[in-house]
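**Q** requesting a structural model of the entry that follows:
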Amino acid sequence: MRINTNSILNIMDLLFSFLIELISSFYMRFRLTLRNVSFEKNVHFFGLTIIKKHSKGTISIAKDCVFRSLPSSNLIGINRPCILSVLTESATLKIGEGCGFSGTVIGCFNKIIIGKNVRCGANTLITDSDWHLDDFRSALSKPIIIGDNVWLGVNVTVMKGVTIGNNTIIGAGSIVTKNIPANVIAGGNPCKVIKEIISNQPSF
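**A** Sure, this is the predicted structure:
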C-alpha cells in the first residue's frame, strides 16, 4: 500500500494551523481584555497582532473578524504582523463584523471606521495621519471611512481624510489619497476610478 505523503503533510499543516489559531486567539483575547479593547465573539488570530493603544483611546472589533500575522497564514505572502495603533486620547478605531486582515497596519490618531465584510489584502496600510506630530511639516490628521464589502488588494495604502464607498475594489499596490465612490474598481498611484461595478453582479 502506497502512502500518500502529500495528503499526510496537508493534514499535519491543517492541524498545526488549527493549534496556532487556537493558542493565538486565546492569548490575544486575554491581551485585548487587559488593554480595554472591545471585541465581540468569534474574533480569530493567526499569530500575534501588535496592539498599541492610548489609555483613553478606543478600539472596537465586531464579531467574526480574522487577523492573519503569520507568513504561512496567507499564501500571497505576509511580511509583517497585523498592527493596530490608537495613539491619542481622542482616537477611535472601529472595525465592523466579518472583516479580514493580513499583515495589515492601522495607525489611528483621529478616527478610522471600517465597515462590514471588508477584505484587507496582504501588507495593507491604513493611516489617518502623517505621523511625527512633533515635526511642523506634519499636517493635522483626518478621519478615514471605509464602507461595507470593500476589498483592498495586496500592498494598498489608504491615506488620511479618505472615504471609500460600499462594494468598491481597490487594486493591488494602489495609494488612495482622495475619496473613491461606491461600486467601482479603482487603482493606481494616486488611486483613480477605472470602471463601475455592474450592480447585478457580485463585486467579488
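
**Q** could you give the bridge partners of residue 93?
**A** On the basis of DSSP bridges, residue 93 is bridged to residue 59, residue 112.

**Q** is it correct that it is in contact with residue 58?
**A** Yes: using Cβ atoms under 8 Å, residue 93 is in contact with residue 58, at 6.9 Å. Bear in mind the C-beta positions are built from the backbone N, C-alpha and C, glycine included.

**Q** okay, and the common contacts of these two?
**A** Shared contacts of residue 93 and residue 58 (Cβ atoms under 8 Å, 6 or more residues apart in numbering): residue 86.

**Q** and the end-to-end length of stretch 129-145?
**A** Criterion Cα to Cα, to the nearest Å; first-to-last residue distance in stretch 129-145 is 14 Å.

**Q** helices of this protein, residue ranges please.
**A** Applying DSSP state H to the chain gives helices spanning 5-34.

**Q** below-threshold pLDDT in it: ranges please.
**A** Within the chain, the stretches with pLDDT under 70 are 1-3, 199-204.

**Q** if we can go back for a sec, neighbour count winner among residue 93 and residue 58?
**A** Counted by other Cβ atoms under 10 Å, residue 93 and residue 58 do not tie: residue 93 has more neighbours, with 25 against 18.

**Q** who's in contact with that one?
**A** 57, 58, 59, 60, 84, 86, 106, 108, 111, 112.

**Q** and the buried ones among those, selectable in ChimeraX?
**A** Per 16 or more other Cβ atoms under 10 Å, the buried members of the contacts of residue 93 correspond to this ChimeraX selection:
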select :57,58,59,84,86,106,108,111,112
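
**Q** which single one of the contacts of residue 93 is nearest to residue 18?
**A** residue 84 (24.0 Å; Cβ to Cβ).

**Q** ok, the closest one - contacts?
**A** Counting by Cβ under 8 Å, 6+ apart, residue 84 makes contact with 49, 50, 51, 52, 53, 59, 93, 106, 108.

**Q** give me the neighbour count for the third one.
**A** When you say that, I think you mean residue 51. Residues near residue 51, counting by other Cβ under 10 Å: 17.

**Q** tabulate the CA atom coordinates of stretch 31-51 in PDB.
**A** Once non-C-alpha atoms are left out, stretch 31-51 reads as follows in PDB (Å, rounded to 0.1, in the frame of the first residue of the first chain):
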ATOM      1  CA  ARG A  31      -4.400  40.800  25.800                       C
ATOM      2  CA  LEU A  32      -7.300  42.700  24.300                       C
ATOM      3  CA  THR A  33      -9.200  42.500  27.600                       C
ATOM      4  CA  LEU A  34      -6.200  43.800  29.600                       C
ATOM      5  CA  ARG A  35      -5.800  46.700  27.100                       C
ATOM      6  CA  ASN A  36      -9.500  47.600  27.400                       C
ATOM      7  CA  VAL A  37     -10.200  46.800  23.700                       C
ATOM      8  CA  SER A  38     -13.900  46.000  23.000                       C
ATOM      9  CA  PHE A  39     -14.400  42.800  20.900                       C
ATOM     10  CA  GLU A  40     -17.200  40.500  20.100                       C
ATOM     11  CA  LYS A  41     -17.500  36.800  19.600                       C
ATOM     12  CA  ASN A  42     -15.600  34.700  17.000                       C
ATOM     13  CA  VAL A  43     -12.600  37.000  16.600                       C
ATOM     14  CA  HIS A  44      -9.800  34.900  15.300                       C
ATOM     15  CA  PHE A  45      -6.000  35.400  15.300                       C
ATOM     16  CA  PHE A  46      -3.300  33.600  13.300                       C
ATOM     17  CA  GLY A  47      -0.200  34.700  15.100                       C
ATOM     18  CA  LEU A  48       0.100  37.700  17.400                       C
ATOM     19  CA  THR A  49      -1.300  41.100  16.400                       C
ATOM     20  CA  ILE A  50       0.500  44.100  17.900                       C
ATOM     21  CA  ILE A  51      -1.700  46.400  19.800                       C
END
